[in-house]
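Novice: Kindly generate the corresponding structure for this input.
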Amino acid sequence: MKKLILALIAVIINCSACDSELIFPEAEFSVSNYSGRIEIENTSRYATEYKWDFGNGETSEEKEPMVYYTDSGTYTIKLTAKGKTGETTISREINVTNSSYRQFGFVNFDSRFNEHSILLDGEEIGTLKGVYKNTGLIYCLVNEDGRLNYYGLKNKDYTFTIKRSDGKVTRTGTISKSEKGCGPFYRTVQ
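Specialist: Okay, the predicted model is just below:
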């Protein structure tokens, strides 16, 4: 009987130290809505990978992404949390009214240079890689080779600078606060 009790104690001790990779992941998050800028706190447990769908055509695999909505409306944010034992998905609806943000696109048609740094008011916002091949899609649907869309513009004028990978400035200019969206509102890097 004493051996049985010792064996049970050993199992309990070993089980309490069970690795979290043996537990099914639990997807969970909360959002803070700041007039279109959505900050996400990921409180998922036992997950090692995350896939987000923001309901506006954008996705992310960051643990705690931030997303900008440029149009008012109701959006469904979906998180899939994946661990070694499987995955779970959770969705939350958010309501964006009077967004303070807008998007703008940058496009490269020049095959001579495949990497450009994009700066707004002197701060780098991203790197445009590749050459855009006209697939018939509207510029602002998704980021792809040769195109970089930026969603965090406030309603003010911006100066932009575009630099090639060799450091040469290829274009500078102004994005007016009246330019919203990226269908007709985009800049080429040349």
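Novice: OK, contacts around the residue positioned nearest the centre of the chain?
Specialist: Nearest residue to the geometric centre of the chain (Cα atoms, centre = their mean): residue 60, 4.2 Å. Applying Cβ atoms under 8 Å, 6 or more residues apart in numbering, we find residue 60 in contact with 50-52, 54, 67. In short, each C-beta sits where N, CA and C put it, glycine included.
Novice: Kindly report the domain assignment for the protein.
Specialist: Annotated domains of the chain cover 20-96, 101-188 [automatic domain parsing].
Novice: Leaving out chain neighbours, which residue sits closest to residue 100?
Specialist: Sequence neighbours aside, residue 35 is the residue nearest to residue 100 in space, at 4.2 Å (criterion: Cβ to Cβ, 6 or more residues apart in numbering).
Novice: Likewise for residue 83?
Specialist: residue 25 is the one closest to residue 83 (Cβ to Cβ, 6+ apart), at 3.6 Å.
Novice: Give me the distance between the one you found and residue 171.
Specialist: 45 Å (Cβ to Cβ, to the nearest Å).
Novice: and if you look at residue 58?
Specialist: The gap separating residue 58 from residue 171 is 26 Å, by Cβ to Cβ.
Novice: With neighbour numbers in mind, choose between these two.
Specialist: residue 58 (18 against 15; other Cβ atoms under 10 Å).
Novice: Surely the more buried one touches residue 66?
Specialist: No - assessed by Cβ atoms under 8 Å, residue 58 is found out of contact with residue 66, at 11.0 Å.
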